[in-house]
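**Student:** My questions are about this predicted structure, shown below with the sequence.
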Amino acid sequence: MMLAALVLLTQPQWVFAEDPFTALNLIKPSPPMAAKNFSVSGLNSRPLRLSDFKDKVRLLNFWATWCLPCKEEMPSMERLFRRYQGRGFTIIAISIDANIPAVEPFVKHLGLTFPIGLDPKLVAASDFTVRALPSFFLIDRGGTIIAIALGPRDWDGGAAHGAIEALLR
């Protein structure tokens, strides 16, 4: 009895009875598709390209400062980024704001440290057929879109950890 309790306590938090991709209500493209490379301006005015992060698991996020669900989930995204950034994972968040000056104060206020790009003319968003905010594309190390999320998610919960852990293996 004591041994069983010890085993349960040592299991990782992200072990689920159901698939973490299902728990997050992610859409799995069938067949899987290659993520299209893009180049947008970063907050630092240097180009930001998807290919800059090849060989990493990438969570590509399209968002806007005026999108309340985007703002609400950004702190959980930051925690996810900090947890896995040293293990070959990154988040790339692309703002579609037309009001570019609003983006930097928003990012600073929330203390976001993952790469932020600017897509005011919706070029990258169109390439990914973004139809809702926030929109996410989970991309494996090989550049294949593994899953899509439309709308906010708990990116710091056990299901998200399970999904990222599975892709980092």
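**Tutor:** That came in fine, so what should we check first?
**Student:** Following the chain past the lowest-mean-pLDDT helix or strand in the chain, name the next helix or strand.
**Tutor:** Scoring the helices and strands of the chain by mean pLDDT, DSSP states H and E places helix 2-10 at the bottom, with a mean of 35. Going down the chain from helix 2-10, the next helix or strand is helix 20-23, by DSSP states H and E.
**Student:** Can you spell out which helices and strands pack onto that following helix?
**Tutor:** helix 158-168 (3 or more Cβ pairs under 8 Å, 6 or more residues apart in numbering; DSSP states H and E). Any C-beta I mention is one placed from the backbone N, CA and C, and that applies to glycine too.
**Student:** can you list contacts of the helix it packs on?
**Tutor:** For helix 158-168, the external contacting residues (Cβ atoms under 8 Å, 6 or more residues apart in numbering) are 12-16, 20-21, 23-24, 26, 57, 59, 76, 80, 83-84, 87-89, 138, 140-141, 146-147, 153-154.
**Student:** Show the buried residues in those.
**Tutor:** Among the contacts of helix 158-168, those classed as buried by 16 or more other Cβ atoms under 10 Å are 14, 20-21, 23-24, 26, 57, 59, 76, 80, 84, 89, 138, 140, 146-147, 153.
**Student:** So which of these are in strands?
**Tutor:** Residues of the buried ones among the contacts of helix 158-168 located in strands (DSSP state E): 57, 59, 89, 138, 146-147.
**Student:** partner residues bridging the most centrally placed residue in the chain?
**Tutor:** Geometric centre of the chain, nearest residue: Leu59, 2.9 Å, by Cα atoms, centre = their mean. Beta bridges link Leu59 to Ile91, Leu138, judged by DSSP bridges.
**Student:** residues in contact with Lys56?
**Tutor:** Lys56 neighbours (Cβ under 8 Å, 6+ apart): 88-90, 141.
**Student:** As JSON lines, these with pLDDT and distance to Leu167 would be great.
**Tutor:** Listed next are the contacts of Lys56 as JSON lines, based on pLDDT from 0 to 100; distance: Cβ to Cβ, whole Å:
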{"residue": "Gly88", "pLDDT": "98", "distance to Leu167": "9"}
{"residue": "Phe89", "pLDDT": "98", "distance to Leu167": "8"}
{"residue": "Thr90", "pLDDT": "98", "distance to Leu167": "12"}
{"residue": "Arg141", "pLDDT": "96", "distance to Leu167": "8"}
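**Student:** Could you export these as a markdown table, including distance to Thr65?
**Tutor:** Output for the contacts of Lys56, formatted as a markdown table (distance: Cβ to Cβ, whole Å):
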| residue | distance to Thr65 |
| --- | --- |
| Gly88 | 29 |
| Phe89 | 25 |
| Thr90 | 21 |
| Arg141 | 31 |
